[in-house]
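>>> pasted the sequence and its predicted model underneath.
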Amino acid sequence: MKTGGLTGISWEAFHALPLEEKRPYLERRGGRGEPFHTLFAQQFDRPLLERLAALSNRIRFLSKSKDGALWLKSLLCHKRAMLYFSQPSSRTFLSHLAACQILGLTTGSVRDTSISSEFKGESKEDSIRTFSSYFDMIIMRTPEQGLAEKMSWELSNSERPVPILNAGSGKDQHPTQALLDIYTLLRSFETKGGLHDRTVVFCGDLLRGRTVHSLSYLLTNFPRIKQVFVAPPQLQADESTFAALRAKGVEFEVSDDLRSVVPLADAVYMTRIQDEWDAAKGDSAKIDTSRFKFGAEELALLPENGIIMHPLPRRDEIAVCCDHDPRAMYWRQMRNGMWIRAALIATTFGFEDEILARPL
Amino acid sequence: MKTGGLTGISWEAFHALPLEEKRPYLERRGGRGEPFHTLFAQQFDRPLLERLAALSNRIRFLSKSKDGALWLKSLLCHKRAMLYFSQPSSRTFLSHLAACQILGLTTGSVRDTSISSEFKGESKEDSIRTFSSYFDMIIMRTPEQGLAEKMSWELSNSERPVPILNAGSGKDQHPTQALLDIYTLLRSFETKGGLHDRTVVFCGDLLRGRTVHSLSYLLTNFPRIKQVFVAPPQLQADESTFAALRAKGVEFEVSDDLRSVVPLADAVYMTRIQDEWDAAKGDSAKIDTSRFKFGAEELALLPENGIIMHPLPRRDEIAVCCDHDPRAMYWRQMRNGMWIRAALIATTFGFEDEILARPL
Amino acid sequence: MKTGGLTGISWEAFHALPLEEKRPYLERRGGRGEPFHTLFAQQFDRPLLERLAALSNRIRFLSKSKDGALWLKSLLCHKRAMLYFSQPSSRTFLSHLAACQILGLTTGSVRDTSISSEFKGESKEDSIRTFSSYFDMIIMRTPEQGLAEKMSWELSNSERPVPILNAGSGKDQHPTQALLDIYTLLRSFETKGGLHDRTVVFCGDLLRGRTVHSLSYLLTNFPRIKQVFVAPPQLQADESTFAALRAKGVEFEVSDDLRSVVPLADAVYMTRIQDEWDAAKGDSAKIDTSRFKFGAEELALLPENGIIMHPLPRRDEIAVCCDHDPRAMYWRQMRNGMWIRAALIATTFGFEDEILARPL
């Protein structure tokens, strides 16, 4: 296995680095910036995003034929992946599972820590090191911020330096969600001039959705993408998001009127009210969110080439009547998650060139 | 994938059709009546049942050799199946899982909805559509009547028209159980003249077991099968079952005396008291069921060629001392479930001819 | 499948035999003492342990190359294994899962009996017989002593005599843990003169850890292994352990001073206080265990060639600061569990010669 370079630095020193300086430590050795451990959306720049999108396309096309599908399954069938999901999730779990299966990896999973050794007093660090003993990659989703980062360092400095793929850590990072969002935008505008000079509207709970935060960051890699933030005041994105955009000279706008911005949107990115993070139960219910939903009237205002996105699951932010509109991209967006995760896993193990070289 | 024809009709119009008229909409396009979506026992007529039994036999024989088993595993190894079981079950789950594995499908599963996205307020429809994004077939068991039917229509009218296999929906339908029962009868009488001119005795909870209802229906496809219903009055099959038999001119008998009918039986189909459906907890316990059990004395009365069946799990309806009798067919019946489910899945994807053409 | 010989004897007669006399009944027919059902550590003698260790080494080396790994995966890819774990466990579950995957077996699992048929009143015997209908091997961990033994007899006397692998039964037996411990000792001393004339120190909860009991037994198969038992008086190994050693003329020592024995140890086997077996909750907390932990000071006392073992999970019996010492063998010991379990499964199905004959 081509291992990462997260050695020769103490945990404390590594942990204290700013995100940008952590990136090289997380790269696969001998690659061109590809991740070994995938922890942050900030590990991905435009060339890498575009290479991953191309690889996703290729995997997607190969999967259409039985021959292509079998060839893909042969690539990593000597590897085993562990899916450690101590936080509820079905979509993220299943799409990573399917991504592994596309590439032939066999999998194990722990989803309910009540049936695991943790009740015997084992530390999470020991549990994860256990997984590294039996598996060749660890895909993990936990409520604890920083655990994936800590374990990346630990494993890289152990006898079994297996890669970690962060599938969501607390309120913090969910890098593969950001990747699938970018991939969806790249695919959607591929035949329409590309992902630049666009207006992307974010709407809903912009304060607590890590998705919006990461996607907003990644979009700054693409030229002249204007970002519009539409939310009730209590759920508006925080100042640090805006400060980051200002620092990069990215145009953005803040609004509380969805209908006024939809006619100008190339993409409307709807999000769910994340009331599971409410300080007191029911706090979110007191906020008037009725004007931050996408229904028949908003659909009528959306340009012909505009698209509607949503990270899902949804509640009522998008009316079911929009589902069959060709501009509703959220189902395809979800499936894109499977393709980009397969691309990312293949990349982690260094198989990207082999896949791209394979004729369709 | 050869998709089903459940398009060009609104959900409301489809849902309102009588069962018989729904069948053509559920068929695989370009087939000879084979199901794409499998929802009801009523989708299966005698020719189709006999073709499925022949296919099951072939799969069973092929599995005996490593060569044959490997060939079978290559057939659908480019496909992924989702097992969505929101109702407790081990037998049905595991036999579908094994059926998938026999044909090489990889699988994902959701068995406990508390670890899924439903807690975030997602609708069941969205959850199932999610599964269709990542998987090529959905095998589902739910307490809700009609959900499998609804989703069949939804998926057939989406960008990902993947087949649904109903593995049990509420008190309603459990079509693959009926298939495995028929297969067991066909196998048992294969070398004894075939499945006609037989007496089949149903005994136990005939009111609430969907199994009995479906099997009784399917048996009317075979000539001169007399059906005998033995139950305490409170748990006797309901009038609609009898009316259906009368309408088809099928001979049947109602009894409350098991011992008097066992000597005339070709098959005795025992069932469990389904007290999980009791209106008030403990209602069933008040019913005297002592005379509706199969033990050593009943065994002595059973003809030499008669067989004992049970859908399992059992409690004490069949005494353990019967287990080693060669007429006890319930363990083999259970294993038959795995074979017929493999046959059904292969058929859904249009592989039946290829399997039948394979030399042993 | 080569089946075991557990037939021609009644359950009562078999159950009443002393362990040593049970062994031949559990052997694979036509083998050289290899197990068909694996129930007890006592089924393994020195030649068999050494053959399993050699087979584990070979599987381990073959797995290093993609070619070797693929070849291994082809061996048992026509077989399915059931993992029935009704007792919490992650390590034992995952290592058996990985062992199956190394050999290509597909797997099913039941880990939470609340989602299984047991709630419908099915007996455990019927449940396990169900597993045998769909799977070719049953790997089981249960809190009930004797269930694995009972089911071995049941299945051997049924139409589906599939092998049982005991992955832990109550306080009783956990034979594969003993195998991995012996394999770790054999590997560790392979290039240092072999496993004889050594001093093995056991420390911690020696009363309730089935691990220590089994390993102590297996070590008597090797020449001149001195055993030292270090524990607080309340948790010292019981008299039957010592009596067994005396009967075989094995040298041993009892101590309550870890530091005095570490300098003489070839291996220190640390164990966790098993407070889940406390008669009254909190009993163990009243015992002073502070002197039965391995930390920096003990590490300084350990000979250069000595090794530290632990069955894991650990709490604070071994300080984290020991983890990166080359003598800390517990992580490798854990991974050895995967290899020896793969070797055992391959042996159960009669593939040991084929694997040993495969060039690297």
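Yep, that arrived. Everything numeric in this text was worked out from a predicted model, so none of it was measured.
>>> could you use CA atoms for every contact and neighbour count after this?
Fine.
>>> correct me if wrong, but residue A:138 is in a strand.
Yes. Residue A:138: assigned to a strand according to DSSP: H, G, I helix; E, B strand; the rest coil.
>>> which residues touch it?
Applying Cα atoms under 8 Å, 6 or more residues apart in numbering or on different chains to residue A:138 gives the contacts A:81, A:82, A:83, A:84, A:131, A:132, A:162, A:163, A:164, A:165.
>>> and it, bridged to which residues?
Residue A:138 has these beta-bridge partners by DSSP bridges: residue A:82, residue A:164.
>>> who's in contact with the closest residue to residue A:177 other than its chain neighbours?
Spatial nearest neighbour of residue A:177, chain neighbours left out: residue A:211 (6.6 Å); criterion: Cα to Cα, 6 or more residues apart in numbering or on different chains. Listed by Cα under 8 Å, 6+ apart, the contact set of residue A:211 reads A:173, A:174, A:177, A:178, A:311.
>>> which SS state does residue A:201 fall under?
strand.
>>> quick check, the helix or strand hosting residue A:67 touching chain C?
Using DSSP states H and E, residue A:67 sits in helix A:66-75. No. Shown here: helix A:66-75 not in contact with chain C (Cα under 8 Å from any Cα of the partner chain), separated by at least 9.2 Å.
>>> tell me the angle that helix makes with helix C:66-75.
Angle, helix A:66-75 to helix C:66-75, by axes from the mean of the first three to the mean of the last three Cα atoms, to 10 degrees: 110 degrees.
>>> in helix A:66-75, what counts as buried?
A:68, A:69, A:70, A:71, A:72, A:73, A:75 (16 or more other Cα atoms under 10 Å in any protein chain shown).
>>> and stretch A:290-297, by the same measure?
Buried residues in stretch A:290-297, defined by neighbour count with 16+ other Cα under 10 Å: A:291, A:292, A:293, A:294.
>>> average model confidence for it?
In this model, stretch A:290-297 has a mean pLDDT of 96.
>>> how about the secondary structure of residue A:214?
Of the three states, residue A:214 takes helix according to three-state DSSP.
>>> for chain B, see how far away it is.
Distance of residue A:214 to chain B, computed by Cα to the nearest Cα, to the nearest Å: 21 Å.
>>> wait, that residue touches residue A:39, no?
No. Using Cα atoms under 8 Å, residue A:214 makes no contact with residue A:39, being 11.9 Å away.
>>> shared neighbours of those two, anything?
Contact criterion Cα under 8 Å, 6+ apart; residues shared by residue A:214 and residue A:39: A:173, A:174, A:175.
>>> so who does the first one touch?
Contacts for residue A:173 (Cα under 8 Å, 6+ apart) come out as A:39, A:40, A:41, A:166, A:210, A:211, A:214.
>>> what about residue A:188, neighbour count?
Neighbour count of residue A:188, defined by other Cα atoms under 10 Å in any protein chain shown: 21.
>>> so what's it closest to, chain neighbours aside?
residue A:307 (7.9 Å).
>>> my guess is residue A:55 contacts residue A:355. True?
Yes. Judged on Cα under 8 Å, residue A:55 makes contact with residue A:355 at a distance of 7.4 Å.
>>> report the buried residues of stretch A:187-203.
A:187, A:188, A:189, A:195, A:198, A:199, A:200, A:201, A:202, A:203.
>>> got it, and stretch A:317-336?
For stretch A:317-336, by 16+ other Cα under 10 Å, it's A:317, A:318, A:322, A:327, A:328, A:329, A:330, A:331, A:333, A:334, A:335, A:336.
>>> need the residues of the stretch 151-300 of chain A near chain C, please.
Applying Cα under 8 Å from any Cα, we find that the stretch 151-300 of chain A lies next to chain C at residue A:158.
>>> by contact count, what packs against the host helix or strand of residue A:133?
In the assignment (DSSP H and E), residue A:133 maps to helix A:124-134. Contact here means 3 or more Cα pairs under 8 Å, 6 or more residues apart in numbering or on different chains; DSSP states H and E; on that basis helix A:124-134 packs against helix A:147-156, helix C:91-102, helix C:330-348.
>>> make it 7 Å
helix C:91-102, helix C:330-348 (3 or more Cα pairs under 7 Å, 6 or more residues apart in numbering or on different chains; DSSP states H and E).
>>> what angle do the longest one and helix A:124-134 make?
Between helix C:330-348 and helix A:124-134, the angle formed by their directions is 40 degrees, by the same axes, to 10 degrees.
>>> for the very next helix or strand once past helix C:330-348, buried residues please.
Sequence-wise, the next helix or strand downstream of helix C:330-348 (DSSP H and E) is helix C:352-357. Buried residues in helix C:352-357, counted by 16+ other Cα under 10 Å: C:352, C:355, C:356.
>>> excluding sequence neighbours, find me the nearest residue to the first one.
Right, the one you point to is residue C:352. Counting by Cα to Cα, 6+ apart, the residue nearest residue C:352 is residue C:346, at 6.1 Å.
>>> which of the three states applies to the nearest residue to residue A:273 once chain neighbours are set aside?
Using Cα to Cα, 6+ apart and skipping residues adjacent in sequence, the residue nearest residue A:273 is residue A:205, 5.1 Å away. Three-state assignment for residue A:205 (three-state DSSP): coil.
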